[in-house]
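**Q** based on what follows, work out the 3D shape:
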Amino acid sequence: MAIPLKKSMALSLLFLISFVLVGVLSVSAELQRFQHHAKGDGSLSFLVLGDWGRRGDFNQSQVAFQMGKMGEKVDIDFIVSTGDNFYDNGLVNEHDIAFEESFTKIYTAKSLQKQWYSVLGNHDYRGDAEAQLSPLLRKIDSRWLCLRSFVVNAEIAEIFFVDTTPFVEMYFSEPEGHTYDWRGINSRKAYIANLLKDVELAVRESSAKWKIVVGHHAIKSVGHHGDTQELIDQLLPILQANDVDFYMNGHDHCLEHISDKESQVQFLTSGAGSKAWRGDIKGLNKEGLNFFYDGQGFMSVNLTPTDAEIAFYDVFGKVLHRLNKSKLLHSSI
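**A** Model (predicted):
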């Protein structure tokens, strides 16, 4: 029996809507969750490093040495990598020897034999981005865990790792001769929309004492790249509306601390793991700027249920700047 025209059109429309919905869901960046226990006294300590993988060159090995000393001193629980893990163009594939030469053979201190939680940077996307997500790398070095976006529940803190590279329109419209690996991101618009939805839901529902968001690109920076307008427009409002304490990033090869004038969010750049850009700044008159250093180094984070102490170190292990924040009092900078 022939189906009436109106009914046929309705069925076709229903099929089209279903197809579109399936397509949208297929690019959803659902946030996978990992549990990492705090210490017995409820405290948590970790190091933050970015823009590092250069086979030990550009003082990468020296920064790693100081990280090992500080990691032992503060008894770290894990390490956070803010992306651009392997230079200049990520990994060739999951068998690329650069993984061991820039990671396993560099961060050899006993205190650094802890879990590493990593996001991808724009340089990682210039290679085989999915290689860094491969379980094979975890078999080569069990410390390694890199995903596009995910959440680490560390009891007193939840850390939300966000894949920021697809936000930057320039990488799609003006790649400047570079090739980016966009496999897994079939629709940039849908990918970003779903990621923002997932992040907003996760931070809104979080009951952790400390909410920390990690991405590769800076929201606010006086460094070489400066502010990332796409993140200011799309991600920052979510952080401001949901009591996020810290946004940590790399991308600019420096160390920075900038306060948000409209919320409690503190912008912390730790992208000085190897090559630094001496004197390459946008200007030091940015509102809310508390600290800027254009050399190599890293950052430590020590949390208790009521207090946070964050310190920035140079390549010699010298403390350059401290940020203290309390959940009972106003932040002290």
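**Q** in the sheet, who's paired with the residue nearest to Gln35 when sequence neighbours are not counted?
**A** Spatial nearest neighbour of Gln35, excluding adjacent residues (Cβ to Cβ, 6 or more residues apart in numbering): Asn153 at 5.3 Å. Any C-beta I mention is one placed from the backbone N, CA and C, and that applies to glycine too. The partner list for Asn153 in beta bridges (DSSP bridges) reads Gln35, Glu158.
**Q** wait, Asn153 sits on His36?
**A** Yes. With contact defined as Cβ atoms under 8 Å, Asn153 reaches His36; the gap is 7.0 Å.
**Q** all strands of the stretch 51-200 of the chain, in order?
**A** Per DSSP state E, counting those that start in this stretch, the stretch 51-200 of the chain carries strands over the ranges 78-81, 115-118, 144-146, 150-153, 157-162.
**Q** contacts for the longest one?
**A** Okay, so that is strand 157-162. The contact list for strand 157-162, computed with Cβ atoms under 8 Å, 6 or more residues apart in numbering, reads 31, 38, 44, 80, 117, 119, 147, 149-152, 195, 199, 202-203, 206, 208-215, 235, 303.
**Q** helices of the stretch 151-300 of the chain, residue ranges please.
**A** Along the stretch 151-300 of the chain, the stretches classed as helices by DSSP state H, counting those that start in this stretch are 170-173, 188-205, 229-234, 236-241.
**Q** quick one: those as a markdown table, columns for mean pLDDT, mean neighbour count and distance to Ala109 too.
**A** Output for the helices of the stretch 151-300 of the chain, formatted as a markdown table (pLDDT from 0 to 100; neighbours: other Cβ atoms under 10 Å; distance: least, Cβ to Cβ, whole Å):
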| stretch | mean pLDDT | mean neighbour count | distance to Ala109 |
| --- | --- | --- | --- |
| helix 170-173 | 94 | 12 | 35 |
| helix 188-205 | 97 | 17 | 32 |
| helix 229-234 | 98 | 15 | 33 |
| helix 236-241 | 98 | 18 | 33 |
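**Q** go through those and name the closest to Arg278.
**A** helix 170-173 (24.6 Å; Cβ to Cβ).
**Q** nearest residue to Ser326 in space, please, no chain neighbours.
**A** Per Cβ to Cβ, 6+ apart, closest to Ser326 is Asp307, 5.2 Å.
**Q** residues in contact with the one you found?
**A** So Asp307 contacts 324-327 (Cβ under 8 Å, 6+ apart).
**Q** number of residues surrounding the spatially closest residue to Phe65 that is not a sequence neighbour?
**A** Once flanking residues are discounted, Phe65 sits nearest to Ala109: 7.3 Å by Cβ to Cβ, 6+ apart. Residues contacting Ala109 under the criterion other Cβ atoms under 10 Å number 16.
**Q** try the one 3 residues further on
**A** The burial metric for Leu112, expressed as a neighbour count using other Cβ under 10 Å, is 21.
**Q** so what are the sheet partners of the host helix or strand of Ala311 and their directions?
**A** Secondary structure assigned from DSSP states H and E places Ala311 in strand 307-314. In the sheet, strand 307-314 lines up against strand 297-303 (antiparallel), strand 319-326 (antiparallel) (DSSP bridges).
**Q** need the winner for burial among these.
**A** strand 297-303 (a mean of 25; mean count of other Cβ atoms under 10 Å).
**Q** now do it: distance to the chain's middle.
**A** 14 Å (Cα atoms, centre = their mean, to the nearest Å).
**Q** contacts for it next, please.
**A** So strand 297-303 is contacted by 43-49, 63, 66-67, 70, 74, 76, 156-157, 209-210, 248, 255, 268, 270, 272-273, 308-315, 320 (Cβ under 8 Å, 6+ apart).
**Q** can you list the weak-confidence ranges in this protein?
**A** 1-30, 329-333 (pLDDT under 70).
**Q** any idea how far the residue nearest to Gln35 is from Ser206?
**A** Distance, Asn153 to Ser206, by Cβ to Cβ, to the nearest Å: 9 Å.
**Q** swap in Val92?
**A** For Val92 relative to Ser206 (Cβ to Cβ), the value is 37 Å.
**Q** those two: which is more packed in?
**A** For Val92 versus Ser206, neighbours defined as other Cβ under 10 Å are more numerous around Ser206 (18 against 14).
**Q** which one is that one nearest to, not counting chain neighbours?
**A** Glu158 (4.8 Å).
**Q** ok, Gly288 next?
**A** Ser259 (4.1 Å).
**Q** show me the contacts for the one you found.
**A** Contacts for Ser259 (Cβ under 8 Å, 6+ apart) come out as 265-267, 288, 290, 333.
**Q** tell me the contacts of the closest residue to Thr304 other than its chain neighbours?
**A** Nearest residue to Thr304, sequence neighbours excluded (Cβ to Cβ, 6+ apart): Ser43, at 4.9 Å. Residues near Ser43 by Cβ under 8 Å, 6+ apart: 156, 302-304.
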